[in-house]
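S.K.: model the structure of this input:
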Amino acid sequence: MTHKLLHLTFCTALATAALFATGLALAEQPESLWVYVGTYTGGESKGIYLCRLDLATGRLTGPELAAEVASPSFLALHPTGKFLYAVGETGAGSVAGAVHAFAIESEAGQLSHLNTQPSGGAGPCHLVVDAAGRNVLVANYGGGSVAVLPIGDDGRLAEPSCVVQHEGSSVNPQRQEAPHAHSINLDPANRFAFAADLGLDQVLVYRFDAHAGTLVPNDPAFAKVAPGAGPRHFAFHPAGTWAYVINELANTVTAFSYDAQHGVLKEIQTISTLPADFKEPSYTAEVVVHPSGKFLYGSNRGHDSLAIFSIDGHSGKLKLVGHEPTGGKTPRNFAAEPTGKYVLTANQASDSVFVFEVDMHTGKLKRVGEGLKVPTPVCLRFLAPKR
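M.R.: Prediction:
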């Protein structure tokens, strides 16, 4: 078997595994998906909202209030599909924010609050559930720390089993005067955690123990990006051989090769997310690799677009395909649903969520319908309804 065929087989296996993990096995794809929307409260929003996406038509309906909670700005689903976790983006100084645990009602998708624990730092803004479903990992932007919260068999959270405080600063005195952990992610093997810290211009790397609920600095302990770039969110390629970080302040994406055995990132490319002739203020937010592994998308807040890139299947490098307006203002978050047919954008400043159909050959996007009004949307997560 050739190297190319081995690579393709590995990618296919990973993509199939991802579909099974979200209840979307190829033989029994659902007709629709639940879409959970995290928001900022304080205006019209009251918490987490629930919409429904028709996979045949791309029609989005709702929203309904699924749970009333303060500023659940980022969400993560348990691999069983039984529980949902949300940051409470609150707290300042030495006052920690919160992480909320919810049970998912199997018939209608509504959420029942289980418990709340401190996040280990102020201003939690991102979280993930590890692949074994044992822990929530959270990044605290305001506190500049990352933490691990164990999950009980009933979905409830324990207090943090590990909190790691970042130290240092970088070149931008307004935004990088201190550490600001903006996201935390795990590699496909569930062995290493990656924290993009906007304040340090680093992606910090930790050895992760799911059984003990601990994070230990790797060797090397981080990968650098350009001074002042401001790394924000991070995504792996389905093959597990490349990873990408989107840099908020520089409006760029940095591509890395990944040594899965040692948890080491090595920069291979940095590319702009903006058109060359665009000179107005803009800041990136989210980065998503399409489930096929062929495309990468990044959101521009200011240009109010998704930058579309093709991914070279041999090198992992990016090539700009174009830009697609997101249908509203300030696309803080967007997501590709697991089948890869649609991408949904959450436009924070215009209270709207839009659906786009993906051209599977080029990665280009075509808007479906007129969008849905959702108050201050900032995170989108998909779940297949139980049958």
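S.K.: next, the buried residues of stretch 206-218.
M.R.: 206, 208-210, 213, 215, 218 (16 or more other Cβ atoms under 10 Å). Quick note: C-beta positions are derived from backbone N, CA and C, even for glycine.
S.K.: closest to Leu383 out of these?
M.R.: Nearest to Leu383, judged by Cβ to Cβ, of the buried residues of stretch 206-218 is Ala210 at 22.0 Å.
S.K.: which residues touch that closest one?
M.R.: Residues near Ala210 by Cβ atoms under 8 Å, 6 or more residues apart in numbering: 130-132, 134-135, 190.
S.K.: now with 6 Å?
M.R.: Contacts here follow Cβ atoms under 6 Å, 6 or more residues apart in numbering; on that basis Ala210 touches 130, 132, 134.
S.K.: please tell me how far the residue lying closest to the first one once chain neighbours are set aside sits from Val35.
M.R.: This points to Asp130. Counting by Cβ to Cβ, 6 or more residues apart in numbering, Ala210 is the residue found nearest to Asp130 once chain neighbours are left out, at 5.2 Å. Separation of Ala210 from Val35 (Cβ to Cβ, to the nearest Å): 28 Å.
S.K.: any low-confidence regions in the protein?
M.R.: Along the chain, segments meeting pLDDT under 70 span 1-28, 91-94, 387.
S.K.: can you pull out the helices in it?
M.R.: 3-21 (DSSP state H).
S.K.: returning to that earlier point: keep only those of the buried residues of stretch 206-218 that are in strands.
M.R.: 206, 208-209, 215, 218 (DSSP state E).
S.K.: who's Ile151 bridged to?
M.R.: Here Ile151 sits in beta bridges with Leu157, as judged by DSSP bridges.
S.K.: ah, wrong one, I meant Leu265
M.R.: Beta-bridge pairing for Leu265 (DSSP bridges): Tyr258.
S.K.: test my guess that it contacts Ser257.
M.R.: No - judged on Cβ atoms under 6 Å, Leu265 makes no contact with Ser257 at a distance of 7.4 Å.
S.K.: please identify which of those two sits among more neighbours.
M.R.: Using other Cβ atoms under 10 Å as the criterion, Leu265 and Ser257 rank with Leu265 on top: 24 against 15.
S.K.: what sits against that one?
M.R.: Taking Cβ under 6 Å, 6+ apart as the criterion, Leu265 is in contact with 223, 256, 258.
S.K.: report how many residues lie close to the residue found closest to Gly155 once you drop the neighbours it is linked to in the chain.
M.R.: Leaving aside its sequence neighbours, Gly155 sits nearest to Phe83 (Cβ to Cβ, 6+ apart; 3.9 Å). By other Cβ under 10 Å, 24 other residues sit near Phe83.
S.K.: strands of the stretch 201-350 of the chain, residue ranges please.
M.R.: With DSSP state E, counting those that start in this stretch as the criterion, the stretch 201-350 of the chain has strands at 202-209, 214-224, 231-236, 242-247, 252-259, 264-272, 283-289, 295-301, 305-311, 318-325, 331-336, 342-347.
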